[in-house]
Structure formats: C-alpha cells, structure tokens
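Undergrad: Pasting the sequence and the predicted coordinates here, then a few questions.
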Amino acid sequence: MNFKNINTSLEKLNENIIVITSFLNEKIETRFNELNLIVSDFKGKYNKIETVKAFVEGKIIKVCLVGLGEKEELSNEKIRVVGGNLAKKLKSMIKDEAVNVDILSSDLCEEGAYALVEGIILGDYEFKKYKTNHKAKIIDTINIYTKEDVSKSIEKGKLLAETTIVARDLVNEPANVIYPETLANEVIKLGKEYGFEVEVYEEEKIKSLGMEAFLSVAKGSEKKPRFIVMRYMPNKEDKEILGLVGKGLTFDTGGYSIKPTSSMVNMKTDMGGAASVIGAMCAISKDKLDKNVVAVVAACENAISGKAYKPGDIINSMGKKTIEVLNTDAEGRLTLADAVYYIVNNEKTTSILDIATLTGAAIVALGTVASGVITNNDDFYNELENASKLSGEKIWRLPVFDEYKSLIKGSEADLKNSAGREGGCITAGLFVGEFVGSTPWLHVDIAGTSESAKSSGYKSKGATGEGVRTLYYLASIKK
Ligand code: BES
Ligand code: MN
Ligand code: ZN
C-alpha cells in the first residue's frame, strides 16, 4: 500500500474510489458541489461509514463517507479505529483489480495523519499466507488530500504500522514454523534490515551464564533454546540504557502440568512479548531515536518428554535465588527471571520493562481491553502511561502490596513459581521483580491484549502486535 499526500483541492478524479471524512452535521453535499453527491441521511456520526454514488463528468464514481463525530471529541485512537474500519470497508468494495483511493480530509493535521495511516494499514492486515487459493484484495495507492503538508506524519504512521505487522506475523506463524532457532534467524534478518545489532546465544553459552531457570523450562523440548540479544546503542556517551525483555515461549503445552486442549490450541502465541520487543526494536532503530536500547528474548518451548522438568523440582537461577517448581505451566516467569537478571547485570541497562503473555489471571482481571502493569517506580510508570496514550494501547496499574510479595516465598527454596489463583497476575509479575534488584522496572502482562478473537477497527483476527507502538513511544519520550 502506497500513500501520497496532496495539498491542493481535488482537481481531477482518476481514482477508483473517493473517501470523504466528515464531522458531525457537516453538509457534505454542499462541500463537494462538483461531485453531485447523492446523500440521503449521512450525519457524520462517529465510525459510521456509508457508500454513495457521485456523478462526475458523466461518470459514476463510488464514494465512501466516513463519520468522525464531534470535532472536539476526536482523538488519535478514534481516528485509528475508524481508519481500520475504512480499510475493511474498502476491501469489501474491491472485486478483482487493485484499486486506488482518494481520501478528502482537508482538516487532517500532522497529529492525526499518522493515526489514520496506522489504522488503515493495520485494519487491512490479514494473515492468509497458508491459504492456497487466497485472492488478496489490494488497495494499491491512497492519495490523502489535506490543507497542511502531513507527509512526515504519514511516514511515521507507515513505520509504526509496518513494525506492528512484523510482530503480528511472528505471533501468527505456527509453532512448527517459528521455534527458537527460526525466531532467532528472523531477528538476525530484521536487525540487518532495520539497523540493530543481534547476538544469539546457544545452549552452551546459556548454560555458562548460569540460566538454570530458563534451561529448566526448555529442556523437555526437541527444539533447542536460544537467547536473543538485540542492541541499538546510538549514543555511547549516554549512560542510560533502556532494557526490554519479551517472553518468548514459541509454544506452551503447560509441561507436565499439562493444559487441556482448548487452552493449548492457541499457545503458539505465547511469544507475543518477544514479538513486541522485536517490533519495537525495528521501529526505534529505523526511526533513529537518540536513545540506547537493548532487548532480550529467552526463546524456548515448554514441552513434555522424559527430559522435561517436573512439578516439585527445585531449581536455581542466574540470580542465584532457588525456586520450587509447583506448576510447570507457570514457565514464563522462570524464563523471564533469568532474562531480566541478565539484562540488568550483563547489559547494564538502567531501567527495564518486561512484556509477556504471562497469566490467564490478567484476562480475568482486565479482559481483552487493557494490559496489566506492575512497577517499582512511579515516574517510570508515568512515562509508560504517556506512551500508552500516544499509542492507544490501554494499560492499567495493579497494586504491589507486601502481602502479595509474601505469597511467592517458597517453603523449601527461596521462591515458588506459583501462588495459585488469587491475585495471579500480580504474584506472577512480582516473581519477575525478584530478579531486577533496585532498577526501575515495569512489568506488562499482555495475555489478554496480544490477540483478538475477531476483526474490528484496526485489529484483525489473531495477533494484535500489542506493545510495539507503546514501547517505541516509551523509548522516544524516556528521559
Ligand atoms: N502462557 C500462559 C498464560 C496465558 C493464558 C496466555 C491464556 C494467554 C492466554 C502461562 O504460561 C500460563 O500458563 N499461566 C498459568 C499460570 C498458573 C499455572 C499459575 C495460568 O495463567 O493459568
Ligand atoms: Mn504456561
Ligand atoms: Zn506461557
């Protein structure tokens, strides 16, 4: 999909479909006299999209009217959502040939243009590569007519949508295609393409680093683990380094605490956190942000075999805290424990964020609307909240009272990996927090938000790419 910004009024109509955006109760018919629009009852209500016909120079042209609602109430997120629905509507109007579209949105400014572009590209996305006879409906070029020059903003929207799609594709790929080794290879390719450095540790190196918690999860699988390190360090003088850690379970059977089939069927998506940090690294480095960022992913598969770890095992960790494994399905926190310890101590990151499809409890608490966050630092949380307002990805802070911390103390070892159902999203996060020391830390549980059951707005069925844009903004606004 190509975008062009045109700063004149519409002169000649070469394109297949015209789109007109309209605020509440604007009289479209009179704004575009020359189009001879036949509009019966279009009021410009938010998210209403209607197709009508226009007669221009003896030709009939399809026109899509897009309602933006009250001008004062419009937000970037609302633009994104309506942009996504517009893309879906346009595709439903396409027959065989690729179409070009003119969008007439004269008031669209720098602030809104990128959101519209993000919405359209992300709303258009579908994961259909394994359908043998799939005919993709193609929107070829979109001309956006505005008063202001918004071409820079359009470029930014394209980058953020494209890198969100990097994450969506990685999550949507099944576990027989994306496993630790192939994930690492994809990251190496992306590093070359977008401009960050990639280093991949294999089993021996992981062992020598002392990552026993990570290796315990990995050891039941035929697929060997990989520890993936991504570095973008444009400013060597700056001592500040933002650390990003993504949960990278390329499949989660639950291990011996095995999941029922209905809960297991979608567990190829258990590397959604990894996909977020990978997509964010692409956006951060391609946009050449002046911030040092390091990201790591402890990639493995939680499987069953004679070699797998078992409930009741007592294991060690890179941070030298011992852990009772009460539930092999609480595996994410074990891999994250070593990953966050590594990034703080070996990469010398000065603040860190981990992001993970960590708990069903996050879905129970917040549904699929918002991601659950816990932190040890109010200022860092505020920065994340500002980033989330820019991305439209919703977050909600959960409490970390001492009573919760006492729930993860082990009886025979220092910690236990499961504290049961109560407060499950919080205790899982606090477990990871045991390994970050005093470094400012954010933990984001995206179990509910990283995937969507249906297509609507700028979401499509399957992976959402949650986190990519928020992490990009966090890096860009971070002090
Ligand atoms: N990957 C799952 C969490 C999950 C559940 C993500 C549903 C997406 C959708 C995680 O590894 C897990 O199994 N968590 C357990 C923890 C429990 C055993 C303490 C859970 O949430 O049930
Ligand atoms: Mn699990
Ligand atoms: Zn998991």
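TA: On my side now, so go ahead. In this text, all values refer to a predicted model and were calculated from it rather than measured experimentally. Numbers count the residues shown, from 1 in each chain. Ligands and ions are numbered 1, 2, ... in the order given.
Undergrad: burial measure for residue 288, as a count.
TA: When neighbours are defined as other C-beta atoms under 10 Å, residue 288 has 9 of them. For the C-beta atoms, the positions are set from N, CA and C on the backbone; glycine is no exception.
Undergrad: now the residue of the stretch 301-450 of the chain found nearest ligand 1: how far from residue 301?
TA: Residue of the stretch 301-450 of the chain nearest ligand 1, by C-beta to the nearest ligand atom: residue 360 (3.3 Å). According to C-beta to C-beta, to the nearest Å, residue 360 stands 19 Å off from residue 301.
Undergrad: Who has more neighbours out of these two?
TA: With neighbours defined as other C-beta under 10 Å, residue 360 and residue 301 compare such that residue 301 has more, 25 against 15.
Undergrad: didn't the more buried one look like it was pressed against residue 219?
TA: No - at 10.2 Å, residue 301 does not count as touching residue 219 under the criterion of C-beta atoms under 8 Å.
Undergrad: Quick check: the gap between the residue nearest to residue 397 when sequence neighbours are not counted and residue 414.
TA: Spatial nearest neighbour of residue 397, excluding adjacent residues (C-beta to C-beta, 6 or more residues apart in numbering): residue 373 at 5.1 Å. Look at residue 373 and residue 414: by C-beta to C-beta, they are 25 Å apart.
Undergrad: Can you pick out the residue with more neighbours from these two?
TA: A direct count of neighbours by other C-beta under 10 Å for residue 373 and residue 414 places residue 373 higher, at 24 against 17.
Undergrad: and the helix or strand where residue 361 lies, what does it pack onto?
TA: Element membership for residue 361, per DSSP states H and E: helix 360-366. Applying 3 or more C-beta pairs under 8 Å, 6 or more residues apart in numbering; DSSP states H and E, we find helix 360-366 packed against strand 371-375, helix 424-433.
Undergrad: Return the residues in contact with residue 270.
TA: By C-beta atoms under 8 Å, 6 or more residues apart in numbering, the residues touching residue 270 are 247, 249, 250, 251, 252, 302, 332, 357.
Undergrad: again with residue 147
TA: Counted by C-beta under 8 Å, 6+ apart, residue 147 has contacts 7, 106, 107.
Undergrad: How about the residues of this protein by ligand 1?
TA: Residues of the chain found near ligand 1 (C-beta under 6 Å from any ligand atom) are 252, 270, 327, 329-332, 357-361, 418, 424, 447.
Undergrad: How about this structure: which residue is closest to ligand 3?
TA: Distances between the chain and ligand 3 by C-beta to the ion are smallest at residue 252, namely 3.7 Å.
Undergrad: Ligand 2 versus that residue, what's the distance?
TA: 4 Å (C-beta to the ion, to the nearest Å).
Undergrad: Show the pLDDT at that residue.
TA: Looking at residue 252, its pLDDT stands at 98.
Undergrad: Make 585 the first number, not 1, from now on.
TA: Noted, 585 is the first residue going forward, which turns the last one into residue 836.
Undergrad: neighbours around it, how many?
TA: The number of residues near residue 836, taken as other C-beta under 10 Å, comes to 27.
Undergrad: What of the one 3 residues further on?
TA: For residue 839, the neighbour count with other C-beta under 10 Å is 25.
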